[in-house]
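**Student:** prediction below, plus the sequence it came from.
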Amino acid sequence: MVIMNTELLLARYSANTPRYTSFPTAPHFRATGEDSLYTQWLAQLPPDTPISVYFHVPFCRRLCRFCGCHTSVVHHDAPLLSYTTSMMQEIALVASKISHKLPVSHIHWGGGTPTALPPECIKSLMDTLREHFNVLPDAEIAFEIDPVTLTQEQSDMLAQVGLTRASIGLQDLDPKVQEVIGRPQTFEITKQACDGLRAAGARSINLDLLYGLPLQTTESVIRTAQKALELSPDRLSVFGYAHVPWMKKHQTLLSESDLPDGSERFQQRMAIDRTLRAAGYVAIGLDHYAKPTDSMAHALENGRLRRNFQGYTDDHAETLIGFGASSIGSLPQGYVANVGGVPAYRKALEQHKLPITRICPVSDEDRLRREVIFRIMCDLKADLPKIAAEFIADADLIADADSALQALAADGIVEWNGAQLRVTETGRPFMRHVAACFDQYFAQGTARHSKSV
Ligand SMILES: C[S@@+](CC[C@H](N)C(=O)[O-])C[C@H]1O[C@@H](n2cnc3c(N)ncnc32)[C@H](O)[C@@H]1O
Ligand code: SF4
């Protein structure tokens, strides 16, 4: 095995690749104008198996220039009240397709900023969910939160609806970086939010950090990571800034000459990695870190870590029902995506139609490839004959991927003996490329993805 230098690895492996939060990936879902297949899938869900629920709130009280999320800014409550009504209609409509009150073990509120909703809207949505589904007493209830716009009234409501986890956007604490990205946020405000959310019932706090933002340096991201550690987060997500101005017009407000180059970006990633590991955090997959006592670190240790649309999870539910514009659901039969635009979402529900716009039945071969891809993304290893035996015994995945894996092995990215695959620590930042060896659609596709490192 040859150990390549970083510049050469970056030249070879920084090309854009999917993040593999689903397989097949979203660009390969097919457009659909009707909801009968999804209706069938819902009707077939087993009555006693707990499911997960995702609520997407595509609104924020401020717009950060770097933002790549599906969201828009609102300055008054009317659109939020109307959106809440549509989501309540969607919950009732989905439930009407299922003949029993399904148990719910996980609820994740994402966005945007779910706490952009007035507190009474959060309450109405949770009440509607409880009316139509059996939310288990020990269900995990997680909220993504922008600490700067969080009010005491909202924290009180989160406590009332049973918040157990909070994921807080910290991003970067350097005032110069914050100014250019349009996201002022002091350490004290972030700390107040963490303390308040812990008091409101969050037994686990996640912080999001970013690297690759304009004006960030290796030294500045280390300073941010060290300050973040003072908040004693249970988990951290460390994302590379995805610059996709062809999709997110507001990112054109950022000057490309302020962006760190590929090599500096990589150094920033590695500097945060070293800082968090030195503080005792366990590296999870591509971009997560957890305290060794956290359930995500336990899931990694026990081979039970899963990949989902939020990144990594220890949630074992096989079914995730997505509510809200642009939400994506994952059912045993396949994936469904809701329409992205809020007006089209509202209109579909007014007409009593499920607001789905794309669907992707998952074939047996997809399931097999998904398991290999998810094992690589979660465990950094895959035993191909063992996985094939569990799915399609005569599958010939190895023949497809062998030459690409041999090339990755020659570069020190993986260890590969023709049957068992392991991603090395050198290869960890490039694991999306290893996973792509098993993605038969990627080679054929033309979708544009963000930088993989
Ligand atoms: C839905 S937001 C989190 C909650 C809240 N809206 C906030 O910003 O604090 C999820 C996370 O996505 C990440 N994110 C947003 N835009 C991104 C981009 N262009 N590239 C990479 N990560 C991004 C940020 O770290 C952000 O905290
Ligand atoms: S980063 Fe968070 S708060 Fe900022 S615009 Fe995006 S979703 Fe909204």
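**Tutor:** Everything's here; your move. Ligands and ions are numbered 1, 2, ... in the order given.
**Student:** is the helix or strand harbouring Leu210 positioned near ligand 1?
**Tutor:** Element membership for Leu210, per DSSP states H and E: strand 204-211. Yes: counting by Cβ under 6 Å from any ligand atom, ligand 1 has neighbours in strand 204-211: 208, 210. (Glycine included, C-beta is placed from N, CA and C.)
**Student:** helices or strands up against that strand?
**Tutor:** strand 165-171, helix 187-199, helix 218-230, strand 235-240, helix 262-278 (3 or more Cβ pairs under 8 Å, 6 or more residues apart in numbering; DSSP states H and E).
**Student:** quick one, which of these is packed in tightest?
**Tutor:** strand 165-171 (a mean of 24; mean count of other Cβ atoms under 10 Å).
**Student:** identify the residues contacting that strand?
**Tutor:** Strand 165-171 has contacts (Cβ atoms under 8 Å, 6 or more residues apart in numbering) with 64, 66, 140-147, 158, 178, 181, 183, 185, 190, 193-194, 197, 202-210, 213, 224, 228, 237.
**Student:** for PyMOL, write the selection for the buried entries among those residues.
**Tutor:** Buried subset of these, written as a PyMOL selection, criterion 16 or more other Cβ atoms under 10 Å:
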select buried, resi 64+66+140+141+142+143+144+145+146+147+158+178+181+183+185+190+193+194+197+202+204+205+206+207+208+209+210+213+224+228+237
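**Student:** neighbouring strands - and their directions - for the strand holding Leu210?
**Tutor:** Strand pairing for strand 204-211, determined by DSSP bridges: strand 165-171 (parallel), strand 235-240 (parallel).
**Student:** show me which residues of the stretch 301-450 of the chain sit near ligand 1.
**Tutor:** Residues of the stretch 301-450 of the chain lying near ligand 1 (Cβ under 6 Å from any ligand atom): none found.
**Student:** please name the nearest non-neighbouring residue to Arg277.
**Tutor:** Spatial nearest neighbour of Arg277, chain neighbours left out: Ala283 (6.3 Å); criterion: Cβ to Cβ, 6 or more residues apart in numbering.
**Student:** surely the one you found is in a helix?
**Tutor:** No: counting by DSSP: H, G, I helix; E, B strand; the rest coil, Ala283 is not part of a helix but strand.
**Student:** so what's the residue count around it?
**Tutor:** By other Cβ atoms under 10 Å, 18 other residues sit near Ala283.
**Student:** from ligand 1, how far off is the closest residue in space to Met247 that isn't next to it in sequence?
**Tutor:** Computed as Cβ to Cβ, 6+ apart, the closest residue to Met247 that is not its neighbour in sequence is Gly68, at 7.6 Å. According to Cβ to the nearest ligand atom, to the nearest Å, Gly68 and ligand 1 sit 3 Å apart.
**Student:** coming back round to it: tabulate the strands paired with strand 204-211 (TSV), appending mean pLDDT and distance to Leu136.
**Tutor:** Below are these laid out as TSV (pLDDT from 0 to 100; distance: least, Cβ to Cβ, whole Å):
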stretch	mean pLDDT	distance to Leu136
strand 165-171	98	15
strand 235-240	98	22
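**Student:** sorry, back to before: pLDDT wise, what is the residue nearest to Arg277 at?
**Tutor:** pLDDT recorded at Ala283 is 98.
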